[in-house]
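K.L.:
Generate coordinates for the sequence data below:
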Amino acid sequence: MARVAVYSPDLMFGSAMLELLKEGGHEGVLCKDGETLARCLGEHPARLLIADATADALARLELVGRARAAGSLDGMATVAVYSHVDGDARTVAEEAGFDLVVPRSRMTREGAELIGRVLG
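P.N.:
Below you'll find the model as predicted:
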């Protein structure tokens, strides 16, 4: 079992990810904003961070990229999930250094397998 932080202001997406994690035997915690994420990761380190790369995602993705560059996410795998029509979010997530960048539809179909692969 791994602890997983889900970084998303979208309650529907966050709830879906938490359910997916629960089904896979993982403990998930929903972080709605950067402040909550920082507090969550400081109190209870996670092995995986799943970031919602939709809606106002660019600032969220850049925050994760800066945290990775600063070493704050060392030892933590990262996954960005984006809308298949939002090429900008995909590009920013890839440039931010996420370990895996996938469309929501793929995460819905293959989420358990993808999470297992990223966690190793």
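
K.L.:
CA only for contacts and neighbour counts going forward, please
P.N.:
Will do.

K.L.:
and residue 31, how many residues sit next to it?
P.N.:
Residues lying near residue 31 (other Cα atoms under 10 Å) number 22.

K.L.:
Pull up the gap between it and residue 88, please.
P.N.:
Residue 31 is 23 Å from residue 88, where distance means Cα to Cα, to the nearest Å.

K.L.:
try residue 5
P.N.:
Counting by Cα to Cα - residue 5 and residue 88 are separated by 23 Å.

K.L.:
ditto for residue 22
P.N.:
30 Å.

K.L.:
Least confident secondary structure element in the chain?
P.N.:
Every helix and strand in the chain was compared by mean pLDDT, DSSP states H and E; the lowest is helix 57-69, with a mean of 75.

K.L.:
The very next helix or strand once past that helix pairs with which strands, and in what direction?
P.N.:
Sequence order places strand 77-82 as the next helix or strand after helix 57-69, per DSSP states H and E. Within its sheet, strand 77-82 is paired with strand 48-53 (parallel), strand 100-103 (parallel), according to DSSP bridges.

K.L.:
Least reliable of the ones you listed by average pLDDT, please.
P.N.:
Note on these: strand 48-53 shows the lowest mean pLDDT, a mean of 91.
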